[in-house]
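Novice: Predicted coordinates and the sequence they were generated for:
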Amino acid sequence: MKNGNDENTPILVLKTHVQDFIEKRNWQKYHNPKDLAIAVCIEAAELCDIYKWRKITVEEAKTKDMFEKAEGELADIMIYVLHMCNVLSIDLTKAVTQKLKKNEEKYPIGEPLRW
């Protein structure tokens, strides 16, 4: 896969690239939904660890070191998410669109958050 960007890379291209990566290494046997969900959580915790105990502005988070660490952890999270979508045959675009629609109903514009 050539280096792409969000503006010109469909999600299906990413899902296919992840699937190819997994299949070439014969890792499918290890990647069940439970373990993939755990892997997403672990990578999310590693993302949180970058910022733990710090009061950081957006500008500080964009410094080279912090940015690169966050970028790497977000990539790890996305890889696992995309692979889990492959394993469960989830259409990620459809799922995100449906969830945003539910959230629009749940959280109308102008109303305070109700947790």
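Specialist: Yep, that arrived.
Novice: can you map out the helices along the protein?
Specialist: Counting by DSSP state H, the segments of the chain that form helices are 11-24, 33-51, 58-61, 64-88, 92-106.
Novice: helices or strands up against the third one?
Specialist: Identification of packing neighbours for helix 58-61 by 3 or more C-beta pairs under 8 Å, 6 or more residues apart in numbering; DSSP states H and E yields helix 64-88. For glycine as for every other residue, the C-beta is placed from the backbone atoms N, C-alpha and C.
Novice: again, but for the fourth one
Specialist: When contacts are defined as 3+ C-beta pairs under 8 Å, 6+ apart, helix 64-88 packs onto helix 11-24, helix 33-51, helix 58-61, helix 92-106.
Novice: can I get those in TSV with mean pLDDT, distance to residue 85 and mean neighbour count?
Specialist: Converted to TSV, these look like this (pLDDT from 0 to 100; distance: least, C-beta to C-beta, whole Å; neighbours: other C-beta atoms under 10 Å):
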stretch	mean pLDDT	distance to residue 85	mean neighbour count
helix 11-24	97	6	14
helix 33-51	97	10	14
helix 58-61	92	27	10
helix 92-106	96	5	10
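Novice: Out of those, flag the one nearest residue 82.
Specialist: Checking these against residue 82 by C-beta to C-beta gives helix 11-24 as the closest, at 4.7 Å.
Novice: check contacts around residue 85.
Specialist: Residues in contact with residue 85, defined by C-beta atoms under 8 Å, 6 or more residues apart in numbering, are 15, 91-92, 95.
Novice: Would you mind measuring from the closest residue to residue 67 other than its chain neighbours to residue 47?
Specialist: Counting by C-beta to C-beta, 6 or more residues apart in numbering, residue 61 is the residue found nearest to residue 67 once chain neighbours are left out, at 7.0 Å. Residue 61 sits 11 Å away from residue 47, going by C-beta to C-beta, to the nearest Å.
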